[in-house]
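Peer 1: requesting a structural model of the entry that follows:
(one chain, ligands or ions: 3)
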Amino acid sequence: MSLTPDYRALELIGAPVWIFDIDHRRVCWANGAALRVWGAATLDELCARDMGADMSESVARRLAQYQADFVGHGAVFHEQWTVYPGGKPVSLDVTFTGHRLADGRIAMLCEARQTVQATPEALRSVEALLHTAVMITLYDMHGLPLYRNPAAREMVCAPGERLSERFTDAAAHGQLMQQLAEREVATLTQPVHTGAGVRWHELSARKCRDAVSGDAAILLSEVDVTQLKESEAQASYLAVHDALTGLPNRNQVKLHFAQAMRELRTSGGQAALVLIDLDHFKNVNDSLGHAVGDELLVEVAQRLRTSVRRVDLVARFGGDEFLLLVASHDIEAEVSRIDARIRATVSAPIAMAGTMVRVTATLGAALFPRDGSDFETLLRRADLAMYSAKEEGRNTLAYYDDAMGRALRARTELEHDLRTAVEQQAFEVHYQPRVCVASNRIVGAEALVRWRHPVRGMIPPDQFIPLCESTGLIRDLGRQVFATAARQVARWSQAGFDLAVSVNVSPREFSQDGLVEGMRAAMAECGCDPARLQVEITESMLLGQDERPLRTLHAMAALGLGIALDDFGTGYSNLAYLHRYPIQTLKIDRSFIHGLVDNRPLAELIVQLCGLMKLSAVAEGVETAEQLRWVSERGIAEYQGFLYSRPLPAAEFEALLRERACAPAIAC
Ligand code: C2E
Ligand code: CA
Ligand code: CA
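Peer 2: Ligands and ions are numbered 1, 2, ... in the order given. Just a heads-up that it's a prediction; the model follows:
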């Protein structure tokens with residue numbers, strides 16, 4: 001650019017003067033003294049230097065800020081610089097003012113005055129002040145700024161902003177000044193106004209003297225602690241809230257409970273802790289996936305909140321358990337009202353993952369003061385009540401009573417005995433005939449496990465399979481039953497009986513590694529033909545997004561095992577998915593056979609479906625001749641049921657086989 005006459009006048013000044021083009025990061029003019037400072041032989045050489053090449057991020061930001069302040073406020077800045085012409089440090093006091101270039105842009109006019117060579121200490125402290133992220137401001141005693149370091153200048157809303165204007169809360173300023181009046185240093189962590197909005201700063205103020213005037217002053221240093229504050233707030237929120245549903249958590253209930261008890265003791269009121277557990281939630285999780293499970297929990301949390309009064313506390317307790325804390329003068333009446341509302345709202349169908357899901361809830365309540373007065377006791381008793389409501393068939397409410405404690409002890413004992421029985425392989429397998437409807441001959445059997453308890457006698461599977469599933473014992477038990485059935489099939493086939501035997505496999509077993517390999521090894525060991533074994537699975541297993549059960553089923557099919565779908569019609573009954581799976585048999589649940597009139601159209605549909613999909617159907621639980629007639633009229637190929645025989649020990653089953661083999665076949 002061409003030099004203007006002003007520039008020539010500046011040339012005459014003995015002190016170094018140069019003009020810095022902030023936008024292009026280059027010197028665009030310098031007088032002779034400045035050339036010496038910069039160690040440049042000519043002006044052209046200096047102007048050609050790219051000053052931005054090794055400029056730090058903080059210096060670049062500072063320059064941009066200066067430029068804005070020159071335009072906005074006609075600001076003047078002073079900095080102490082150290083430059084190294086010929087490798088020797090030279091200390092300069094540099095004054096920066098705005099300077100409009102010929103093309104209208106604002107550049108920076110820099111005038112330097114050489115100062116006495118500062119000590120290395122002083123040189124470094126000046127550098128540190130310029131580059132530190134700590135925001136440092138010197139205020140006079142009226143709160144007017146005397147100096148700000150670059151970090152403070154960058155953060156502040158307006159250059160002339162007073163100390164009192166920094167705070168969002170006027171009281172905080174008062175507090176700081178009060179502290180300063182009493183001692184040398186004051187510290188405070190407060191939200192303050194900054195150019196980037198309100199931020200949390202840790203402020204530390206110290207009484208000092210202004211080096212220029214000698215007057216009393218305040219040196220304020222500030223550090224941005226917003227992130228720390230936010231994570232602290234998040235942590236303390238999470239300490240009392242559940243992250244998924246946003247409901248209070250167990251800790252919050254505990255705190256709230258203590259408070260409520262103090263009030264109730266003086267007012268003489270009553271309260272209830274109600275534990276709410278969703279029925280069969282595990283099925284939803286297993287079959288539709290955890291993401292859908294989580295979504296369902298959020299929806300249920302919402303519904304629970306709308307089912308209670310504003311004064312009642314709803315909390316999530318973990319998993320699919322929720323907790324209510326209710327206070328009232330007639331507590332049982334209030335709990336029944338809430339129970340009715342929960343039953344109406346929670347169990348309304350929810351559309352999820354393309355299916356309508358319905359969840360019901362089981363409630364257990366313990367009352368204050370009747371059942372206890374401390375949190376842990378009431379909670380334990382609410383849990384027992386809930387457990388007993390589950391036993392009574394779920395989807396119901398139970399209040400705690402003392403008999404429940406005894407039931408719990410019995411359950412704990414049962415679990416202990418069950419563990420021992422699994423270890424000692426103390427189970428038997430019984431076989432219930434599968435009978436051809438047309439010929440009334442036994443064509444197969446279902447293997448059903450039995451537990452002969454040393455004291456309590458024979459225990460049916462319904463009483464211990466769920467316990468096995470919840471404890472994970474089902475995996476060992478399942479392996480034992482499968483191996484026993486495989487050995488039995490091998491023996492019967494050697495004896496010349498042409499039978500197919502089916503074995504129940506619970507969904508929990510499907511999640512274990514090596515299930516199929518274990519089955520293959522068990523069959524290989526006893527020489528059982530896989531074509532004579534069938535695996536019975538339930539519908540809930542097929543619904544998930546998870547591809548693993550599908551792969552497992554295909555691996556079983558590849559081994560030559562047959563697959564039957566058990567209890568069909570009682571679950572989700574989504575007929576559309578059936579073709580995805582290698583299934584040969586549908587077992588029609590006994591509730592259809594027992595003539596629950598409402599279900600009959602669905603039963604007919606299922607039978608038609610079997611025909612269309614070339615699946616064989618087995619009617620379960622046939623108890624009467626009339627039921628068998630209905631089965632026969634529908635063209636169902638096979639049946640099982642007490643009408644023909646109960647499940648029998650292997651030897652008795654074999655005796656029955658021999659006996660019936662001699663009997664003439666009956667056509668229905
Ligand atoms: P399931 O698979 O539906 O088995 C059929 C159940 O119906 C058996 O009960 C059988 O005794 C019963 N049953 C058969 N015919 C009739 C009838 O005419 N009327 C009535 N009312 N019931 C009949 P069980 O042996 O008590 O087994 C109950 C359930 O326990 C089974 O239902 C099955 O889900 C489970 N289970 C049994 N053994 C095993 C096993 O080895 N592994 C697994 N995972 N589950 C098993
Ligand atoms: Ca079965
Ligand atoms: Ca069944």
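
Peer 1: quick one: residues contacting V443.
Peer 2: Residues near V443 by Cβ atoms under 8 Å, 6 or more residues apart in numbering: R434, V435, C436, D498, L499, A500, E638. Just so you know, the C-beta spots here come from the backbone N, C-alpha and C atoms, and that holds for glycine as well.

Peer 1: so which of the residues you listed sits lowest on pLDDT?
Peer 2: Scanning the contacts of V443 for pLDDT, the low point is D498. It has 90.

Peer 1: three-state assignment of it?
Peer 2: Recorded secondary structure, D498: coil (DSSP: H, G, I helix; E, B strand; the rest coil).

Peer 1: hmm, who's touching stretch 521-536?
Peer 2: By Cβ under 8 Å, 6+ apart, stretch 521-536 touches 444, 446, 479, 482-483, 485-487, 489-490, 493, 499-505, 556, 559-566, 584-585, 587.

Peer 1: is that stretch anywhere near ligand 2?
Peer 2: Yes: residues of stretch 521-536 are located near ligand 2 by Cβ under 5 Å from the ion, namely E536.

Peer 1: tell me how far that stretch lies from the chain's centre.
Peer 2: Distance of stretch 521-536 from the chain centroid (Cα atoms, centre = their mean, to the nearest Å) equals 41 Å.

Peer 1: please identify the buried residues of it?
Peer 2: A522, M523, C528, P530, R532, L533, Q534, V535, E536 (16 or more other Cβ atoms under 10 Å).

Peer 1: and the gap between the most centrally placed residue in the chain and ligand 1?
Peer 2: The centre of the chain sits closest to L244, judged by Cα atoms, centre = their mean, with a distance of 5.7 Å. L244 sits 31 Å away from ligand 1, going by Cβ to the nearest ligand atom, to the nearest Å.

Peer 1: surely that residue and V298 touch.
Peer 2: Yes: using Cβ atoms under 8 Å, L244 is in contact with V298, at 6.5 Å.

Peer 1: so who does R479 touch?
Peer 2: So R479 contacts G518, A522 (Cβ under 8 Å, 6+ apart).

Peer 1: does it count as helix, strand or coil?
Peer 2: Under three-state DSSP, R479 comes out as helix.

Peer 1: got phi/psi on the spatially closest residue to Q175 that is not a sequence neighbour?
Peer 2: In this structure, Q175 finds its nearest non-sequential neighbour in L188, 6.5 Å apart by Cβ to Cβ, 6 or more residues apart in numbering. Note on L188: backbone dihedrals following degrees, to the nearest 10 are phi -160, psi 140.

Peer 1: tally of neighbours for L188?
Peer 2: Number of residues near L188 (other Cβ atoms under 10 Å) recorded here: 17.

Peer 1: A382 is in contact with F368, isn't it?
Peer 2: No: applying Cβ under 8 Å, one finds A382 not in contact with F368, separated by 10.7 Å.

Peer 1: what does the strand or helix carrying L130 rub up against?
Peer 2: Here L130, judged by DSSP states H and E, is contained in helix 120-131. Residues from elsewhere that reach helix 120-131 (Cβ under 8 Å, 6+ apart): S56, S58, R62, E79, Q80, T82, P89, S91, A118, I136, N149, P150.

Peer 1: repeat that for 7 Å
Peer 2: Contacting residues not belonging to helix 120-131 are listed as S58, E79, Q80, T82, P89, S91, I136, N149, P150 [Cβ atoms under 7 Å, 6 or more residues apart in numbering].

Peer 1: average pLDDT for that helix?
Peer 2: 76.

Peer 1: then stretch 448-465?
Peer 2: Mean per-residue pLDDT for stretch 448-465: 92.

Peer 1: what about it, near ligand 2?
Peer 2: No: applying Cβ under 5 Å from the ion, one finds stretch 448-465 separated from ligand 2 by no less than 7.5 Å.

Peer 1: on that earlier part again, for ChimeraX, what selects the buried ones among the contacts of stretch 521-536?
Peer 2: To isolate the buried members of the contacts of stretch 521-536 in ChimeraX, using 16+ other Cβ under 10 Å:
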select :444,446,479,482,483,485,486,487,489,490,493,499,500,501,502,503,504,505,556,559,561,562,563,564,565,566,585,587
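
Peer 1: if we look at ligand 3, which of the contacts of stretch 521-536 are close to it?
Peer 2: When contact is defined as Cβ under 5 Å from the ion, those meet ligand 3 at D566.

Peer 1: near ligand 1 too, which of the contacts of stretch 521-536?
Peer 2: Near ligand 1, taking Cβ under 6 Å from any ligand atom as the test, the members of the contacts of stretch 521-536 found are N504, D566.

Peer 1: how about the helix or strand containing E428: buried residues?
Peer 2: Under the criterion of DSSP H and E, E428 resides in strand 427-436. For strand 427-436, the neighbour count (16+ other Cβ under 10 Å) marks F427, V429, H430, Y431, Q432, P433, R434, V435 as buried.

Peer 1: ok, now stretch 319-339?
Peer 2: Neighbour-count burial for stretch 319-339, with 16+ other Cβ under 10 Å as criterion, is recorded at 320-328, 331, 334-335, 337-339.

Peer 1: cool, and stretch 447-461?
Peer 2: So, applying 16+ other Cβ under 10 Å, buried residues of stretch 447-461: A447, L448, V449, W451, I459, P461.

Peer 1: so where's the stretch 1-150 of the chain uncertain?
Peer 2: 1-6, 86, 116-118, 123 (pLDDT under 70).

Peer 1: contacts only, for the residue of it found nearest ligand 3.
Peer 2: Closest approach between the stretch 1-150 of the chain and ligand 3, counting by Cβ to the ion: A133, at 70.0 Å. Going by Cβ under 7 Å, 6+ apart, A133 touches A151.

Peer 1: kindly state the domain boundaries assigned to the protein.
Peer 2: As given by automatic domain parsing, the domain ranges for the chain are 5-120, 132-224, 265-400, 427-667.

Peer 1: quick one, phi psi at A655?
Peer 2: The phi/psi pair for A655 (degrees, to the nearest 10) is phi -60, psi -40.

Peer 1: if I look at it, how far off is ligand 3?
Peer 2: 25 Å (Cβ to the ion, to the nearest Å).

Peer 1: point me to the residue of the stretch 201-350 of the chain nearest ligand 2.
Peer 2: Residue of the stretch 201-350 of the chain nearest ligand 2, by Cβ to the ion: N283 (16.8 Å).

Peer 1: surely that residue meets E539?
Peer 2: No: the pair N283 / E539 is not scored as a contact, 9.6 Å apart, by Cβ atoms under 7 Å.

Peer 1: please list the residues of the stretch 551-668 of the chain that sit near ligand 3.
Peer 2: Residues of the stretch 551-668 of the chain lying near ligand 3 (Cβ under 5 Å from the ion): D566, D567, E620.

Peer 1: among the buried residues of strand 427-436, which one lies nearest to ligand 1?
Peer 2: Q432 (5.6 Å; Cβ to the nearest ligand atom).

Peer 1: and the gap between the nearest residue to the closest one once chain neighbours are set aside and G457?
Peer 2: With Cβ to Cβ, 6+ apart as the criterion, Q432 has its nearest non-adjacent residue at 3.9 Å, and that residue is P647. Distance of P647 to G457, computed by Cβ to Cβ, to the nearest Å: 16 Å.

Peer 1: now the element after the helix or strand of the chain with the lowest mean pLDDT, going C-ward?
Peer 2: Within the chain, no helix or strand scores below helix 5-12, which has a mean of 69 by mean pLDDT, DSSP states H and E. Scanning forward in sequence from helix 5-12 by DSSP H and E, the next helix or strand is strand 17-21.

Peer 1: on the three-state scheme, the residue of the stretch 201-350 of the chain closest to ligand 2 is what?
Peer 2: Quick answer, by three-state DSSP: N283 is helix.
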